[in-house]
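Colleague: Everything below, folded, please.
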Amino acid sequence: MRVNFGLLVPVMAQYSAPTWATLVAGFFMLLALSLSMYLIFEHLSAYNNPEEQKFVLGVILMVPCYAIESYVSLINPNTSIYCGILRDGYEAFAMYCFGSFLSL
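Modeller: Numbers count the residues shown, from 1 in each chain. Model (predicted):
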């Protein structure tokens, strides 16, 4: 079975997210950003063991990356491909940080 993606382009060009979804997603994105930034600043203020904490910070930064990417993809689906590429690249880096943290 073949899918004709040419038919989806006009549909995606006219898409706009519902207002309630935008508001709920925006609220939870701001909540995730504020909590993760608080955790990052707490780690940076007590930066006693840099060899371990640099990997922990790499993993914690995954939350704002996913939150912003999901919100931007909801608002403008045309940019979701580009945001997904950046997200996947950072996900690979976060997996590297997690594996490095485990091997310490």
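
Colleague: Spit out the contact partners of the residue positioned nearest the centre of the chain.
Modeller: In the chain, the residue lying closest to the centroid (C-alpha atoms, centre = their mean) is residue 66, at 1.3 Å. Taking C-beta atoms under 8 Å, 6 or more residues apart in numbering as the contact definition, residue 66 lies against residue 87. Any C-beta I mention is one placed from the backbone N, CA and C, and that applies to glycine too.

Colleague: From residue 94, how far off is it?
Modeller: Remark: distance between residue 66 and residue 94 (C-beta to C-beta, to the nearest Å) = 10 Å.

Colleague: In the helix or strand residue 89 falls within, which residues are buried?
Modeller: Secondary structure from DSSP states H and E places residue 89 in helix 80-102. Buried positions in helix 80-102, judged by neighbour count with 16 or more other C-beta atoms under 10 Å: 80, 83, 87, 90, 94, 97, 101.

Colleague: mind listing what the fourth one touches?
Modeller: It stands for residue 90. The contact partners of residue 90, taken as C-beta under 8 Å, 6+ apart, are 61, 62, 65.
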